[in-house]
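K.L.:
This is the structure alone, sequence omitted:
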Ligand code: NZQ
Ligand code: ZN
């Protein structure tokens, strides 16, 4: 196992009817800006619950943060805060609203052009406004990590940053708030969480026994409850497990001390930035192809994954690896997520565009071995057609 530091200060308040706990979680004298997305939080009543819980605080609101939150929209929130007395942020929504809030928190006191935070991957961030979250969509793990992914519309770029200053102080996770999710978002959440585990697990052996068994357990839970979550919208046991598994998939625990890949995510971000394909769908397109193209460097872990996660024990090594990849693809397809670029009307010509963007963003050495060059990325995209 590699040396590591593990730090996660986010307090989780989990369970039904926990939104009222905001009253004790948000400092008494806070002047709060509530940030949210389109109209789901208003329509479902979640915003009203939040307002009631904070009735004794000064609150302002900023709505309209889109899926794949944009720099352009978020800078309006930054301006609003700079011209007000706001000193605490509260994100109410899914990964997009939480990521957007992290960026706003870091940008408000940033000296210089805040897009540089994304260009430099967060190392420039010296402070951030404190914030909490009320999670409404299990998927990204953003409620308990220090990452944020922001889209710059003008630059057609989707970039991420990490900073210890943007861990949420707390996250309220009420599984009943997921009952209103459209099936497409439920499927996306399952596929995103599944791929987060794979990015940290399916690399090469590093003798991380705890990390491996935890990762395999999380994958098996997603395989078990993903389809169930699609079939029932209001089953508390299923939704509570879905919510917690998605958090643990990307709160740093299973990735500590082991190699990590993330090439599927980086190539996927370019697909979202150029073509607007949902984040999770880009992963479902690219992950099976990545496993196929990188099968030699990932051979040992592919066999371990096939056996421990999918119970594949018969056949020679090549057959077992083929089957593990095929099961992965079917898992996504069974959630109703199509897994080929052609399903999204993209073809050979689009591959050039994506590779050019990877190059422009300096993403020329991806993967756990830093050996996914532009040429290998091209092969992955070709294998995704
Ligand atoms: O905008 P509203 O009207 O609120 O609707 C949202 C949105 O359209 C809707 N929704 C959310 N909760 C709902 C609901 N609808 C009904 N009932 C509810 N309870 O769902 C739609 C999608 O929301 P979004 O927040 O965009 O989804 P998700 O949580 O999947 O977040 C995706 C974003 O997170 C980034 C992605 O790149 C993408 O930008 N990621 C962030 C990561 C991180 N911070 O660690 C890691 C991930 O790999 C990912 O990259
Ligand atoms: Zn993701």
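P.N.:
Received, thanks. Since we're looking at a predicted model, the values are computed, not measured. Ligands and ions are numbered 1, 2, ... in the order given.
K.L.:
Could you verify that residue 160 is part of a helix?
P.N.:
No: counting by DSSP: H, G, I helix; E, B strand; the rest coil, residue 160 is not found in a helix; it is strand.
K.L.:
Could you count how many residues lie near it?
P.N.:
Counted with other C-beta atoms under 10 Å, the neighbours of residue 160 add up to 16. Yep, even glycine has a C-beta here, placed from its N, CA and C like the rest.
K.L.:
got the contact list for residue 216?
P.N.:
The neighbours of residue 216, taking C-beta atoms under 8 Å, 6 or more residues apart in numbering as the test, are 201, 305, 308-309.
K.L.:
so can I have a markdown table of those residues showing secondary structure?
P.N.:
Formatted as a markdown table, the contacts of residue 216 follow (three-state DSSP):
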| residue | secondary structure |
| --- | --- |
| 201 | helix |
| 305 | helix |
| 308 | helix |
| 309 | helix |
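K.L.:
Of all pairs in those, which one is the farthest apart?
P.N.:
201 and 308 (10.3 Å; C-beta to C-beta).
K.L.:
which of those two has more neighbours?
P.N.:
Between residue 201 and residue 308, counted using other C-beta under 10 Å, the more crowded position is residue 201 (26 against 16).
K.L.:
Nearest spatial neighbour of that one, chain-adjacent residues omitted?
P.N.:
Distances taken as C-beta to C-beta, 6 or more residues apart in numbering place residue 215 nearest to residue 201, at 3.8 Å, with adjacent residues excluded.
K.L.:
doesn't residue 200 make contact with that neighbour?
P.N.:
Yes: with contact defined as C-beta atoms under 8 Å, residue 215 reaches residue 200; the gap is 6.5 Å.
K.L.:
would you turn the contacts of residue 216 into TSV with distance to ligand 1?
P.N.:
Listed next are these as TSV, based on distance: C-beta to the nearest ligand atom, whole Å:
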residue	distance to ligand 1
201	15
305	20
308	24
309	20
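K.L.:
residues from the chain in reach of ligand 1?
P.N.:
Proximity of the chain to ligand 1, by C-beta under 6 Å from any ligand atom, involves residues 37-41, 44, 67-68, 93-97, 99, 136-137, 139-142, 145, 147-149, 177-178, 180-181, 185, 188-189, 192, 250, 265, 279.
K.L.:
Please narrow those to those residing in strands.
P.N.:
Counted as lying in strands by DSSP state E, out of those, are 93, 147-149.
K.L.:
Quick one: residues contacting residue 166.
P.N.:
102, 105-106, 122, 125, 128, 146, 148.
K.L.:
now with 7 Å?
P.N.:
102, 105-106, 128, 146, 148 (C-beta atoms under 7 Å, 6 or more residues apart in numbering).
K.L.:
ok, and the most crowded of those?
P.N.:
residue 102 leads the contacts of residue 166 on contacts (other C-beta under 10 Å) with 35 neighbours.
K.L.:
which residues does it contact?
P.N.:
Shown in contact with residue 102 (C-beta under 7 Å, 6+ apart): 148, 166.
K.L.:
Could you give the number of residues near the residue in the stretch 201-350 of the chain positioned nearest to ligand 1?
P.N.:
Residue of the stretch 201-350 of the chain nearest ligand 1, by C-beta to the nearest ligand atom: residue 279 (3.9 Å). Residue 279 sits with 23 neighbouring residues when counted by other C-beta under 10 Å.
K.L.:
what's the distance between it and residue 197?
P.N.:
16 Å (C-beta to C-beta, to the nearest Å).
K.L.:
do residue 64 as well
P.N.:
32 Å.
K.L.:
Between the two, which has more neighbouring residues?
P.N.:
residue 197 (25 against 14).
K.L.:
which secondary structure element contains the more buried one?
P.N.:
helix 183-201 (DSSP states H and E).
K.L.:
still on that earlier bit, identify the residues contacting the residue nearest to residue 201.
P.N.:
Contacts of residue 215 (C-beta under 7 Å, 6+ apart): 197, 200-201, 254.
K.L.:
Let me have those residues in a markdown table, extended by pLDDT.
P.N.:
As requested, these are exported to a markdown table (pLDDT from 0 to 100):
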| residue | pLDDT |
| --- | --- |
| 197 | 99 |
| 200 | 98 |
| 201 | 98 |
| 254 | 98 |
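K.L.:
now, which of these sits nearest residue 316?
P.N.:
Of all the contacts of residue 215, residue 201 has the smallest distance to residue 316: 23.2 Å, by C-beta to C-beta.
K.L.:
so where's the longest helix in this structure?
P.N.:
helix 209-231 (DSSP state H).
K.L.:
which of the residues in that helix are buried?
P.N.:
211-212, 214-219, 221-223, 225-226, 229-230 (16 or more other C-beta atoms under 10 Å).
K.L.:
contacting residues for residue 63?
P.N.:
Applying C-beta under 7 Å, 6+ apart to residue 63 gives the contacts residue 36.
K.L.:
Can you pull the phi/psi pair for it?
P.N.:
Main-chain dihedrals, residue 63, degrees, to the nearest 10: phi -110, psi 170.
K.L.:
ok, it to residue 34 distance?
P.N.:
Taking C-beta to C-beta, one finds residue 63 at 9 Å from residue 34.
K.L.:
likewise residue 320?
P.N.:
For residue 320, the distance to residue 34 - C-beta to C-beta - is 50 Å.
K.L.:
Those two: who's more crowded?
P.N.:
Higher neighbour count among residue 320 and residue 34: residue 34, with 23 against 19, using other C-beta under 10 Å.
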